[in-house]
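**Q** Structure for this input, please:
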Amino acid sequence: MAEKSIMAYFHSPDDANRLLPKLKELGTIDVQVARIGQFQGDGVSETFNPLTGGFPGLSFLTLNNESPGIDEGILAAADVDASGLSAPRSEDGYYDYNGVGNMDILLTVVIEEKAYEQAQRIVREGGGCF
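**A** Down below sits the predicted model:
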């Protein structure tokens, strides 16, 4: 049987996870919910004092970029998100986290072709954007 895939973006993991039971009823082959962003990794996994402990750079502190190489760290520190001085202000009604329009949760679904349109409808009605 042929397979098709759906990739949809959401505002929060809860929004995407709410759809999983309905999608699994259709017989999904695989489904995944993940946060996407500019930098690799899941963020800083340790608590430390930046005044007394070593850290690899500004992007480690401000962007949760846990393992930047020297070149990646320099480029990441130059990003407007690394410093609050030039980033958009939330009181202006605009905040674009990581340049993805505040929709940084990706739902990926692999499903049989016969249930593809029904799965798309479920995702669309659940607030997903394609």
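
**Q** Of all the residues in the helix ranked longest in the chain, which ones are buried?
**A** Counting residues, the longest helix in the chain under DSSP state H turns out to be helix 116-125. Residues 116, 119, 120, 122, 123 are the ones in helix 116-125 that count as buried (16 or more other CB atoms under 10 Å). Quick note: C-beta positions are derived from backbone N, CA and C, even for glycine.

**Q** Any chance of those residues in a markdown table with distance to residue 9 and pLDDT as columns?
**A** A markdown table is the format used below for the buried residues of helix 116-125 (distance: CB to CB, whole Å; pLDDT from 0 to 100):
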| residue | distance to residue 9 | pLDDT |
| --- | --- | --- |
| 116 | 18 | 95 |
| 119 | 15 | 95 |
| 120 | 14 | 96 |
| 122 | 15 | 96 |
| 123 | 10 | 96 |
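
**Q** So, low pLDDT: which residues of the protein?
**A** 37-56, 59-68, 80-101 (pLDDT under 70).

**Q** List the contacts of residue 115.
**A** If a contact means CB atoms under 8 Å, 6 or more residues apart in numbering, then residue 115 has 26, 27 as its contacts.

**Q** measure it to residue 103 for me?
**A** 24 Å (CB to CB, to the nearest Å).

**Q** Residue 76 now?
**A** In terms of CB to CB, residue 76 sits 21 Å off from residue 103.

**Q** repeat for residue 1
**A** Residue 1 is 31 Å from residue 103, by CB to CB.

**Q** CA atoms only for the longest helix of the chain, dumped as PDB, please.
**A** Output of helix 116-125 as PDB, limited to C-alpha atoms (Å, rounded to 0.1, in the frame of the first residue of the first chain):
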ATOM      1  CA  TYR A 116      -4.500  10.900   3.700                       C
ATOM      2  CA  GLU A 117      -7.300  13.400   3.100                       C
ATOM      3  CA  GLN A 118      -9.000  12.500   6.300                       C
ATOM      4  CA  ALA A 119      -5.800  13.000   8.200                       C
ATOM      5  CA  GLN A 120      -5.200  16.400   6.500                       C
ATOM      6  CA  ARG A 121      -8.700  17.500   7.600                       C
ATOM      7  CA  ILE A 122      -8.100  16.500  11.200                       C
ATOM      8  CA  VAL A 123      -4.800  18.400  11.300                       C
ATOM      9  CA  ARG A 124      -6.300  21.500   9.600                       C
ATOM     10  CA  GLU A 125      -9.300  21.500  12.000                       C
END
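
**Q** With that, I have no additional questions.
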